[in-house]
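>>> Have a look at this prediction, sequence included:
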Amino acid sequence: MSISQWTAEKDELIRVSSHFYHKGWMVGTSGNLSVRVAPDTFLITASGRPKGMLGDEDLVSVKGLYELPGPSGNGRKPSAEVSIHQAIYSELREANAVFHIHSVESNIVSEWASDHSVLLPPLEMIKGLGVKDPSLGYRIDVLENHLDVSRIALDLKRLFAQDQVFNEFHLPAFLIRHHGLTVWGNDVLEAFHRIELLEYVFRFMVAMGPSGSTPPMAGFH
Ligand SMILES: CSC[C@@H](O)[C@@H](O)C(=O)COP(=O)(O)O
Ligand SMILES: [Zn+2]
């Protein structure tokens with residue numbers, strides 16, 4: 001396999017990673033990104049690399065959606081959260097890009113979960129996630145964080161197995177409590193848009209507060 005394989009996909013992920021880093025969503029080594037390049041193969045960011053300054057060698061290929069991969073040929077290890085990406089690619093044929101970020105807002109919103117999900121406000125922006133009517137009351141799923149990442153991947157597969165996940169109220173995203181946001185899309189651009197739209201929604205929610213209304217301004221009655 002030539003080392004110059006998938007150059008365009010690697011460049012795209014490096015650009016997206018740098019953009020998210022500058023937004024404060026992939027600070028330090030946090031977050032991971034992947035793109036599917038064949039039905040059972042994807043490129044993913046290597047573990048523990050600085051997400052604001054990735055190089056070509058920091059994208060490693062993973063073949064197989066069920067077994068945990070070992071280090072790549074250049075010694076880089078795939079993301080420690082590779083099992084979550086595998087769970088998404090194995091269960092959802094429409095997913096061809098998976099982005100995971102650690103934003104402050106997504107972590108605040110994850111604290112507001114009741115019954116393992118958070119109700120999103122009826123903002124027009126939510127239409128960008130593929131829903132027709134934002135006022136219908138969409139919820140984002142919130143999974144528990146576990147030190148053992150394969151437990152998170154297992155919980156995610158259980159969620160996908162529930163019928164409700166496949167109805168029109170299911171969003172192409174979920175939160176891991178006190179950890180971050182994961183989104184998938186049909187391609188890199190769709191996943192990119194979805195991350196930006198959801199982060200806008202989370203910023204709005206944080207500004208409104210957990211009760212969904214802004215506190216009255218001092219001096220105004
Ligand atoms: C700043 S440590 C964050 C990690 O524990 C993890 O959650 C993460 O998102 C990045 O892990 P990585 O193995 O680099 O893909
Ligand atoms: Zn993470």
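Received, thanks. Ligands and ions are numbered 1, 2, ... in the order given.
>>> so the residue lying closest to I44 once chain neighbours are set aside is in which element?
Distances taken as Cβ to Cβ, 6 or more residues apart in numbering put S34 closest to I44, at 3.9 Å, once the chain neighbours are dropped. Heads up, the C-betas are built off the backbone N, CA and C, glycines and all. Using DSSP states H and E, S34 sits within strand 32-38.
>>> So which bits of that strand are buried?
Within strand 32-38, the residues that qualify as buried are 32-37, counting by 16 or more other Cβ atoms under 10 Å.
>>> Please apply the same query to stretch 200-212.
Within stretch 200-212, the residues scored as buried using 16+ other Cβ under 10 Å are 201-203, 205-206.
>>> just checking, what packs against the strand holding S34?
When contacts are defined as 3 or more Cβ pairs under 8 Å, 6 or more residues apart in numbering; DSSP states H and E, strand 32-38 packs onto helix 7-23, strand 41-45, strand 59-63, helix 82-91, strand 97-101.
>>> could you redo the last one with a cut-off of 10 Å?
helix 7-23, strand 41-45, strand 59-63, helix 82-91, strand 97-101, strand 180-185, helix 188-208 (3 or more Cβ pairs under 10 Å, 6 or more residues apart in numbering; DSSP states H and E).
>>> Make JSON lines from these and add distance to ligand 1 and mean pLDDT to it.
Shown next, in JSON lines, are these (distance: least, Cβ to the nearest ligand atom, whole Å; pLDDT from 0 to 100):
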{"stretch": "helix 7-23", "distance to ligand 1": "11", "mean pLDDT": "98"}
{"stretch": "strand 41-45", "distance to ligand 1": "6", "mean pLDDT": "98"}
{"stretch": "strand 59-63", "distance to ligand 1": "11", "mean pLDDT": "97"}
{"stretch": "helix 82-91", "distance to ligand 1": "8", "mean pLDDT": "98"}
{"stretch": "strand 97-101", "distance to ligand 1": "6", "mean pLDDT": "99"}
{"stretch": "strand 180-185", "distance to ligand 1": "7", "mean pLDDT": "98"}
{"stretch": "helix 188-208", "distance to ligand 1": "14", "mean pLDDT": "98"}
